[in-house]
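J.: give me a model of this one.
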Amino acid sequence: MQEDTLLQMRHIDKRFPGVRALNDVDFTLRKGEIHALMGENGAGKSTLIKILTGVYQMDGGEISVEGEKVSIRSPQDAQNKGISTVYQEITLCPNLTVSENMFIGRGKGAWVKHKALEKRADEILTKLGIPARSSQQLGSCSLAVQQMVAIARAVDMNCKVLILDEPTSSLDDKEVNMLFALMRDLKSRGVGIIFVTHFLEQVYEVSDRITVLRNGELVGEYLTKDLPQVDLVAKMIGKELDELSDLSEGDVHEENYNEVLYEAENLSSSDAKPFDFSIRRGEVNGFTGLLGSGRSESVRAIFGADKVNGGNVKVKGQNVKITHPIDAMKHGIGYLAEDRKRDGIIAELSVRENIILALQVMNGIFKPISRSEQEAFADEYIKALNIKTASRETPVGSLSGGNQQKVILARWLLTHPDYLILDEPTRGIDVGTKLEIQKLVLKLAEEGVSVTFISSEVEEMLRTCSRLIVMRDRHVVGELKGKDLNQAQVMKTIAGGEA
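T.: Take a look at the predicted model:
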């Protein structure tokens with residue numbers, strides 16, 4: 001162990017029923033270091049952090065802080081060992097003052113000297129360069145300043161290890177710079193910082209080292225300056241660039257589309273930065289990028305699922321306004337959401353009721369679909385999509401994930417959409433059902449339906465799409481088609497065009 005080693009996690013294992021979330025993972029943090037913890041969704045980052053902070057108990061391995069083996073059985077244990085976490089969602093109380101938030105739960109006895117606490121808080125805020133006053137209400141501060149107050153609270157509690165979990169996801173560029181200045185200041189004071197983010201540019205701007213996890217296993221630890229962005233992307237995704245150059249993605253998709261069905265200019269929402277986008281009739285295109293790149297936020301803006309802030313939209317050449325999902329549906333747009341359990345199925349309702357849901361919404365409450373029509377529609381699509389269910393009246397929540405996904409597809413196909421958005425339609429389902437859905441997408445395109453297809457598996461998108469819009473840090477950074485439509489070029493574009 002090096003003298004400057006602050007934290008060591010060795011041979012960490014964690015199992016959940018049917019899943020090995022972490023397998024023999026090592027992680028080392030040094031004093032005065034900003035260490036980026038990277039990996040795609042399901043890589044094991046959150047599990048590792050929850051073990052370090054006492055939320056989960058590890059099934060194997062050991063943890064040492066400053067050379068001493070420690071047992072962390074609860075968040076309080078972690079705090080006592082000098083380990084603090086600041087999450088993406090602010091966990092402080094916006095109705096209290098800055099000083100009250102910094103010292104909440106730490107006063108002894110019933111009487112707390114507020115003036116003394118405010119003076120102490122102002123000293124800490126000044127020392128750390130945080131633009132806030134101890135007496136002002138926390139809710140009046142920007143999100144960035146609220147993040148900084150949470151950090152100041154951790155620092156004043158003798159924090160040695162500071163975990164920042166997606167701290168910049170809701171900040172603008174100026175606020176990010178403020179946060180980075182504070183992180184560098186803490187680094188100079190010897191604090192070790194674990195930085196979890198999906199923004200590649202930020203990793204290279206502020207971190208010293210990078211640890212990459214994939215599928216619950218350690219890929220490696222690297223000096224940031226020695227790991228080009230394209231190599232980082234390759235390690236996160238699981239394909240090396242030299243391997244990819246020999247891969248064949250099948251036939252090159254050619255665009256044979258004439259009518260522009262949907263087009264947007266400077267479209268933006270509460271979660272999507274302004275972007276331009278278009279799709280032609282019968283085309284299958286897709287948004288690609290690492291998790292957090294903005295791909296899902298972009299299609300949610302197209303469908304009006306998030307608050308639309310601006311932009312011009314045309315459907316079939318006519319200017320339209322889409323600010324709510326019902327607007328999109330009336331213009332022939334369907335949307336299968338990324339999280340089928342939260343935004344897709346209604347688990348307690350039957351397969352029949354789930355299938356007819358979107359059509360009933362479009363018809364309105366004063367034009368109910370008759371029971372006989374509902375049964376006919378359900379039977380038609382159960383057969384057409386080969387949905388495995390005991391009957392049309394089976395609660396959809398009891399079906400397998402793949403069959404739940406087919407039910408949601410049936411829901412939208414019943415509305416006969418001109419344009420169908422599929423966000424992660426094959427996530428968490430078996431290989432056979434994946435192929436069925438991919439074949440269905442291509443069949444719909446042959447019939448003239450436009451499809452936007454999003455998948456975390458790049459190979460799947462290359463088999464399905466004729467054009468890919470590449471995103472990074474919530475910006476469109478490239479568009480690939482023709483001979484450029486291959487995995488190596490996708491990775492280069494995500495990484496910033498490096499060779």
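J.: apart from its chain neighbours, what residue comes closest to Arg411?
T.: Ala358 (4.9 Å; CB to CB, 6 or more residues apart in numbering). Where you see a C-beta, it was placed from the backbone N, CA and C, and this is true even at glycine.
J.: element containing that neighbour?
T.: Secondary structure assignment for Ala358, by DSSP states H and E: helix 357-363.
J.: for the helix or strand following that helix, give me every contacting residue.
T.: Where DSSP H and E defines the elements, the next helix or strand beyond helix 357-363 is helix 371-384. When contacts are defined by CB atoms under 8 Å, 6 or more residues apart in numbering, helix 371-384 is touched by residues 351-353, 355-356, 359, 369, 387, 389, 392, 410, 413-414.
J.: how does it look with 7 Å?
T.: With contact meaning CB atoms under 7 Å, 6 or more residues apart in numbering, helix 371-384 is reached by 351-352, 355-356, 389, 392, 410, 413-414.
J.: possible to save those as JSON lines with pLDDT, neighbour count and secondary structure?
T.: Compiled in JSON lines, the contacts of helix 371-384 are given as follows (pLDDT from 0 to 100; neighbours: other CB atoms under 10 Å; DSSP: H, G, I helix; E, B strand; the rest coil):
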{"residue": "Val351", "pLDDT": "95", "neighbour count": "27", "secondary structure": "helix"}
{"residue": "Arg352", "pLDDT": "96", "neighbour count": "24", "secondary structure": "helix"}
{"residue": "Ile355", "pLDDT": "95", "neighbour count": "30", "secondary structure": "helix"}
{"residue": "Ile356", "pLDDT": "94", "neighbour count": "25", "secondary structure": "coil"}
{"residue": "Thr389", "pLDDT": "89", "neighbour count": "21", "secondary structure": "coil"}
{"residue": "Arg392", "pLDDT": "94", "neighbour count": "19", "secondary structure": "coil"}
{"residue": "Ala410", "pLDDT": "92", "neighbour count": "22", "secondary structure": "helix"}
{"residue": "Leu413", "pLDDT": "93", "neighbour count": "21", "secondary structure": "helix"}
{"residue": "Leu414", "pLDDT": "94", "neighbour count": "21", "secondary structure": "coil"}
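J.: nearest to Val458, out of the residues you listed: which one, please.
T.: Looking at the contacts of helix 371-384 and their distance to Val458, the nearest is Leu413, at 26.1 Å (CB to CB).
J.: what distance do you get for the closest one to Ala384?
T.: According to CB to CB, to the nearest Å, Leu413 and Ala384 sit 8 Å apart.
J.: what distance do you get for the residue nearest to Arg411 to Arg474?
T.: To Arg474, Ala358 is 28 Å away according to CB to CB.
J.: now Leu138
T.: Computed as CB to CB, the Leu138 to Arg474 distance reads 26 Å.
J.: which of the two has more neighbours?
T.: Neighbours were counted for Leu138 and for Arg474 using other CB atoms under 10 Å; Leu138 has more, 22 against 19.
J.: how about the more buried one, what does it touch?
T.: Contacts here follow CB under 7 Å, 6+ apart; on that basis Leu138 touches 92-94, 96-98, 101, 146, 149.
J.: break the protein down into its domains, please.
T.: The domain map for the chain lists 5-227, 260-495, with the assignment taken from automatic domain parsing.
J.: next, format the ones you listed as JSON lines and append distance to Ile237.
T.: As requested, the domains of the chain are exported to JSON lines (distance: least, CB to CB, whole Å):
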{"stretch": "domain 5-227", "distance to Ile237": "7"}
{"stretch": "domain 260-495", "distance to Ile237": "7"}
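J.: can you tell me which of those comes nearest to Val233?
T.: Closest to Val233 of the domains of the chain, according to CB to CB: domain 260-495, at 4.7 Å.
J.: got a ChimeraX select line for the buried ones in the contacts of Leu138?
T.: What follows is the ChimeraX syntax selecting those of the contacts of Leu138 that are buried according to 16 or more other CB atoms under 10 Å:
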select :92,97,98,101,146,149
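J.: nearest to Gly238, out of the domains of the chain?
T.: Taking CB to CB as the criterion, domain 5-227 is the member of the domains of the chain that comes nearest to Gly238, at 5.7 Å.
J.: span of that closest one from start to end?
T.: Using CA to CA, to the nearest Å, the span of domain 5-227 from its first residue to its last is 22 Å.
J.: stretch 190-203 too?
T.: For stretch 190-203, the first and last residues are 19 Å from each other (CA to CA).
J.: residues making contact with that stretch?
T.: The contact list for stretch 190-203, computed with CB under 7 Å, 6+ apart, reads 6-7, 29-38, 45, 159-166, 168, 176, 183, 186-187, 206-207, 210, 224, 229, 232, 290-293, 472-473.
J.: likewise stretch 65-77?
T.: Around stretch 65-77, the neighbours that count as contacts under CB under 7 Å, 6+ apart are 1, 6-7, 52-55, 57, 62-64, 78, 81-82.
J.: select from the residues you listed every entry located in helices.
T.: If you go by DSSP state H, the contacts of stretch 65-77 have 52, 78 in helices.
J.: ok, the contacts of stretch 65-77 vs Gly18, which is closest?
T.: In terms of CB to CB, no member of these lies closer to Gly18 than Gln57, at 18.1 Å.
J.: where's the closest one relative to Gln8, distance?
T.: Relative to Gln8, Gln57 is positioned 18 Å away (CB to CB).
J.: more neighbours: these two, which one.
T.: Ranked by neighbour count (other CB under 10 Å), Gln57 and Gln8 place Gln8 first, with 18 against 12.
J.: surely that one touches Thr28?
T.: Yes. Using CB atoms under 7 Å as the test, Gln8 is close enough to Thr28 to be in contact (5.4 Å).
J.: helices or strands next to the helix or strand encompassing Leu179 in the packing?
T.: Mapping Leu179 onto the secondary structure by DSSP H and E places it in helix 173-188. Counting contacts by 3 or more CB pairs under 7 Å, 6 or more residues apart in numbering; DSSP states H and E, helix 173-188 packs against helix 143-156, strand 192-196, helix 200-206.
J.: what angle do helix 143-156 and it make with each other?
T.: Comparing the axes of helix 173-188 and helix 143-156 via axes from the mean of the first three to the mean of the last three CA atoms, to 10 degrees yields an angle of 10 degrees.
J.: can you list the buried residues in helix 173-188?
T.: Buried residues in helix 173-188, counting neighbours by 16+ other CB under 10 Å, are found at 175-176, 178-180, 182-183, 186-187.
J.: done for today, thanks.
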